[in-house]
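Colleague: dropping the sequence and predicted coords here.
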Amino acid sequence: MRVFLASIPLPGTSVVVVGAGDAAAAKARLFDGSGATLRWFAGPEVEPDEAWIARWPTAKDLSGARLVFIAVSDPGKATALAGLARASGAQVNVVDQPGLSDFHTPALIDRGGVVIAIATGGVAPVLARQVRARVEAALPQGLDRLARLAEGLRETVRATLPDFTARRRFWEAAFRGAAPDLAVEGRTAEARREMLRLLNRPDRVQGVVHLVGAGPGDPELLTLKALRALQDADVVIHDRLAPAAILDRARRDARRIYVGKRRGEHSVPQAEIATLMIAEARAGHRVVRLKGGDPFVFGRGGEELEAMRAAGIDVIAVPGITAALGCAAAAGVPLTHRDQAQAVSFVTAETRPGGAGPDWASLAAPNHTLAVYMGVAGAAAVQAGLLEAGRAADTPVAVIENGSRPDQRVVTGQLGGLARLVAHERVVSPALLIVGEVAAWAQPQTMAREAAA
Ligand code: SAH
């Protein structure tokens with residue numbers, strides 16, 4: 001170990017920043033709103049301001065300061081100020097001058113009550129920042145809420161479990177169950193209730209279900225939250241729309257359960273999937289129900305949410321990039337446009353057996369973009385419905401197959417020839433149809449034959 005990272009409690013501490021440039025401003029920002037009292041001496045050459053004091057600090061100003069940051073460009077001045085600060089008992093950091101400094105500033109991840117620091121002893125600050133970016137991505141934004149929840153329960157836990165080992169076991173279970181997920185989401189009351197439940201029944205760790213949107217297929221289109229849920233999962237329940245590239249991002253020893261269609265067979269019925277999710281969560285597991293795109297856009301996520309709530313299972317929805325957004329970006333189609341589209345609708349061409357189809361009349365106005373899901377088999381019905389409702393036959397269309405995946409294909413044509421385009425190009429599922437003036441922006445990746453109406 002070449003450096004030692006100590007943590008300094010900030011409440012009641014005095015911190016001084018000296019200098020007027022960007023580096024001084026960055027240090028001042030770091031401590032502004034922290035527990036410390038900040039005084040910023042910007043030197044005599046700047047205009048007075050509420051935020052700083054427009055002169056250099058005197059020995060008196062520095063007395064009692066715990067940390068002093070000096071960010072002035074004149075080396076003589078910096079050395080003199082450092083000496084003055086050190087003489088008054090402060091620890092000194094001269095920005096970009098490790099040799100003149102008593103301590104260096106690590107790359108910091110600030111989550112309030114939880115602070116993570118990465119230090120390289122000043123030798124590789126860029127490396128430290130890269131490490132920070134990785135750690136940052138792995139940590140929930142709301143970590144502080146969890147720390148505060150634990151702080152609030154400390155006395156109760158101590159009183160209930162006087163034995164140290166029992167207490168440690170409780171905290172280990174409490175930080176693994178549903179409570180931390182609820183807490184970082186800001187659902188503090190539920191999180192607290194869950195921890196208290198666990199305190200009374202320490203043998204009963206309750207799992208949690210994350211309904212996670214996996215996006216359209218490109219693993220880089222996962223949200224940070226989705227990635228974190230996958231990396232924390234004990235069980236991943238997935239179907240056909242989740243490609244291997246995304247499943248591979250899950251924790252190595254997470255159990256994968258496939259509930260999609262196998263060749264020719266029907267997929268597992270929805271009720272059975274819900275039963276499985278409930279059983280896994282009751283067994284104390286962290287369950288990720290992985291869904292293509294967004295769970296709440298034609299994903300039956302609503303039904304699963306309802307089933308979890310009815311069973312008393314904690315459930316957290318993690319949104320994903322829905323196919324319409326992923327495919328539009330991949331094909332270079334702006335879904336709305338000041339001149340060409342003032343509205344966009346997500347429509348499904350598939351309906352329940354015997355159910356009503358889309359209300360084409362309300363979707364047929366010009367300058368209205370339609371993103372049609374599950375439309376390969378129903379392309380003829382989409383075409384007929386819209387033409388009958390008065391949408392122009394020369395309205396541009398784009399069909400994006402396997403959007404955002406390595407085998408992505410984009411073909412274009414006009415509404416009057418949509419069914420023929422889909423058939424002729426042998427478009428396969430999953431594919432998204434974009435109907436509307438903006439579809440003319442699509443960059444075909446396999447040139448479509450002219451689909452004459
Ligand atoms: N919840 C998903 C939609 C599930 S319905 C979402 O938000 O995206 C399945 C339909 O989504 C497919 O029939 C297809 O129309 C569309 N889809 C999903 N992924 C796609 C992809 N990568 N490329 C094109 N269409 C896709």
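Modeller: Looks like it came in fine.

Colleague: rest of the way, CA atoms for contacts and neighbours
Modeller: Will do.

Colleague: okay, now I8: neighbour count?
Modeller: By other Cα atoms under 10 Å, 9 other residues sit near I8.

Colleague: where does pLDDT dip in the stretch 151-300 of the chain?
Modeller: Flagging of the stretch 151-300 of the chain using pLDDT under 70 yields the residue ranges 262-265.

Colleague: how about the strands in it?
Modeller: Counting by DSSP state E, counting those that start in this stretch, one finds strands in the stretch 151-300 of the chain at the ranges 208-213, 235-238, 255-258, 286-291.

Colleague: next SSE downstream of the last one?
Modeller: So that's strand 286-291. Per DSSP states H and E, strand 286-291 leads on to helix 301-310 as the next helix or strand towards the C-terminus.

Colleague: that following helix vs the ligand: in contact?
Modeller: No - residues of helix 301-310 contacting the ligand under Cα under 6 Å from any ligand atom: none, with a closest distance of 8.2 Å.

Colleague: show residues contacting that helix.
Modeller: 211, 274, 278, 295-296, 314-315 (Cα atoms under 8 Å, 6 or more residues apart in numbering).

Colleague: now with 10 Å, please.
Modeller: Under the contact criterion Cα atoms under 10 Å, 6 or more residues apart in numbering, helix 301-310 has outside partners 208-213, 270-271, 273-275, 277-278, 281, 289-291, 294-296, 311-317.

Colleague: longest helix of the protein?
Modeller: Secondary structure assigned by DSSP state H gives helix 143-160 as the longest helix of the chain.

Colleague: export it to PDB, keeping only CA atoms.
Modeller: Coordinates of each C-alpha in helix 143-160 appear next as PDB, following Å, rounded to 0.1, in the frame of the first residue of the first chain:
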ATOM      1  CA  LEU A 143     -27.200   4.700  -1.700                       C
ATOM      2  CA  ASP A 144     -27.400   7.500   0.900                       C
ATOM      3  CA  ARG A 145     -31.000   6.600   1.600                       C
ATOM      4  CA  LEU A 146     -30.000   3.100   2.500                       C
ATOM      5  CA  ALA A 147     -27.200   4.300   4.800                       C
ATOM      6  CA  ARG A 148     -29.700   6.600   6.500                       C
ATOM      7  CA  LEU A 149     -32.300   3.900   6.900                       C
ATOM      8  CA  ALA A 150     -29.700   1.700   8.500                       C
ATOM      9  CA  GLU A 151     -28.600   4.500  10.800                       C
ATOM     10  CA  GLY A 152     -32.200   5.100  11.900                       C
ATOM     11  CA  LEU A 153     -32.700   1.400  12.800                       C
ATOM     12  CA  ARG A 154     -29.400   0.900  14.600                       C
ATOM     13  CA  GLU A 155     -30.700   1.400  18.100                       C
ATOM     14  CA  THR A 156     -33.800  -0.700  17.500                       C
ATOM     15  CA  VAL A 157     -31.600  -3.500  16.100                       C
ATOM     16  CA  ARG A 158     -29.200  -3.200  19.000                       C
ATOM     17  CA  ALA A 159     -32.000  -3.500  21.500                       C
ATOM     18  CA  THR A 160     -33.700  -6.400  19.800                       C
END
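
Colleague: residue of the stretch 151-300 of the chain nearest the ligand, please.
Modeller: When Cα to the nearest ligand atom is the measure, the stretch 151-300 of the chain has its nearest residue to the ligand at G293, with 3.4 Å between them.

Colleague: thinking again about what came up before, out of the strands of the stretch 151-300 of the chain, which is closest to A117?
Modeller: The closest of these to A117 is strand 286-291. By Cα to Cα, the value is 28.5 Å.

Colleague: residues from the chain in reach of the ligand?
Modeller: 216-217, 292-295, 297-299, 322-323, 373-375, 400-404, 429-432.

Colleague: what about burial for the residues you listed, which qualify?
Modeller: When burial is judged by neighbour count using 16 or more other Cα atoms under 10 Å, the buried members of the residues of the chain next to the ligand are 216-217, 292-295, 297-298, 322-323, 373-375, 400-404, 430-432.
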